[in-house]
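K.L.:
Coordinates only, no sequence provided:
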């Protein structure tokens, strides 16, 4: 298990990858289902601006910036927990292990996000996307966790030259 300090450092990479991959899913699925990529991206801004953010389909400084910030911080939170609980100090994991761990974290995140927290703390985009699109977004989130964990692990291991 990683120390909190190491997990926090690695979560900057892991959370950022998870945020970006899932953000791409939000925008692509939002555009496909609603004609605008911004509705699902703005939705997490309801943490800051209330339910008005859930209705915004256009890019705006107020709702889009808040949605992006909340989404990125949430991904960072899950990235930190992922690295603390499932990360290993100084040991390389096989890709299958990285994917398995990312799937476990993603399942917990989806359960908490969509079923366990009060409305105000949900991501909000579940109200803007179909169940299929939610699966796509969370799958991309998991792939981002795995990719970020891989890169964070490569950073801490010395390169072996030929």
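P.N.:
Looks like it came in fine. These numbers come from a predicted model, not from an experiment.

K.L.:
And residue 93, what's its pLDDT?
P.N.:
pLDDT for residue 93: 88.

K.L.:
count of neighbours near it?
P.N.:
The local packing of residue 93 (other CB atoms under 10 Å) involves 17 other residues. The C-beta positions use only the backbone N, C-alpha and C, and glycine is treated the same way.

K.L.:
As a check, name the ranges of all helices in the protein.
P.N.:
For the chain, helices defined by DSSP state H occupy the ranges 4-34, 38-42, 46-49, 61-86, 95-111, 131-156.

K.L.:
Please tell me how far the closest residue to residue 59 other than its chain neighbours sits from residue 133.
P.N.:
In this structure, residue 59 finds its nearest non-sequential neighbour in residue 38, 5.0 Å apart by CB to CB, 6 or more residues apart in numbering. Applying CB to CB, to the nearest Å, the value for residue 38 to residue 133 is 15 Å.

K.L.:
Check which residues of stretch 96-106 are buried.
P.N.:
98, 99, 101, 102, 103, 105, 106 (16 or more other CB atoms under 10 Å).

K.L.:
Can I get the residues you listed in TSV including distance to residue 150 and pLDDT?
P.N.:
Shown next, in TSV, are these (distance: CB to CB, whole Å; pLDDT from 0 to 100):
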residue	distance to residue 150	pLDDT
98	6	96
99	10	97
101	11	97
102	10	98
103	14	98
105	14	98
106	15	98
